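**Student:** Sequence plus predicted model, see below.
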Amino acid sequence: MTEGQCLCGAVQVRVTALSETLSACHCDMCRRWSGSVMIGVDAEADDVTVTGPVKVFASSPFAERAWCDTCGSALWFRQTDVDGKPYELMPGLFPDVGGATLTREVYADRCPAGYAFAGDLERVSQAEYEAHGLHVKGNGP
């Protein structure tokens, strides 16, 4: 069991099986929402329990983003058109990010020049991701 919370503690998140890997996204929508690069840790819907004042925004026809209605902390990105509706939870909710490590960077070629992740990561370009993954049109150059 991994337990976490938002900045003010009003939202509590409990996960029975949290992924051991993190992924980062540099697409325009994720950067606008997170204020930087969005990093997430996956969990199956059946493994997640959330309590507290959560607000949800349908950010696209296939996904939602959620935050604490008290302090505004980002909570998750979630594909709503996938069976089981898995979560991509914000790692900052959990102490030591639940022990997960960064392994994948999406829209890696869209990473702003001012920062970059070091190490041996799977780096997926905008074209590679959009050829195989759901995306919002107009989310790039």
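**Tutor:** Arrived safely, thanks for sending. Numbers count the residues shown, from 1 in each chain.

**Student:** Do you have the helices of this structure handy? List them.
**Tutor:** Here the chain has its helices, by DSSP state H, at 28-34, 126-132.

**Student:** The most centrally placed residue in the chain and Ala113: what is the separation?
**Tutor:** In the chain, the C-alpha nearest the mean C-alpha coordinate belongs to Gly40, at 3.3 Å (C-alpha atoms, centre = their mean). For Gly40, the distance to Ala113 equals 23 Å [C-beta to C-beta, to the nearest Å]. For every residue, glycine as well, the C-beta is placed using N, CA and C.

**Student:** Please apply the same query to Gly133.
**Tutor:** Gly133 sits 24 Å away from Ala113, going by C-beta to C-beta.

**Student:** now do Phe57
**Tutor:** Counting by C-beta to C-beta, the gap from Phe57 to Ala113 is 29 Å.

**Student:** Between these two, point out the one with more neighbours.
**Tutor:** Counted by other C-beta atoms under 10 Å, Phe57 and Ala113 do not tie: Phe57 has more neighbours, with 11 against 5.

**Student:** mind listing what that one touches?
**Tutor:** Applying C-beta atoms under 8 Å, 6 or more residues apart in numbering to Phe57 gives the contacts 64-66.

**Student:** Make a ChimeraX selection of the buried ones in those residues.
**Tutor:** Only the buried entries of these go into this ChimeraX selection, using 16 or more other C-beta atoms under 10 Å:
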select :65,66
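
**Student:** could you dump the contacts of Phe57 to CSV with pLDDT and distance to Arg32?
**Tutor:** Compiled in CSV, those are given as follows (pLDDT from 0 to 100; distance: C-beta to C-beta, whole Å):
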residue, pLDDT, distance to Arg32
Glu64, 95, 15
Arg65, 96, 10
Ala66, 98, 16
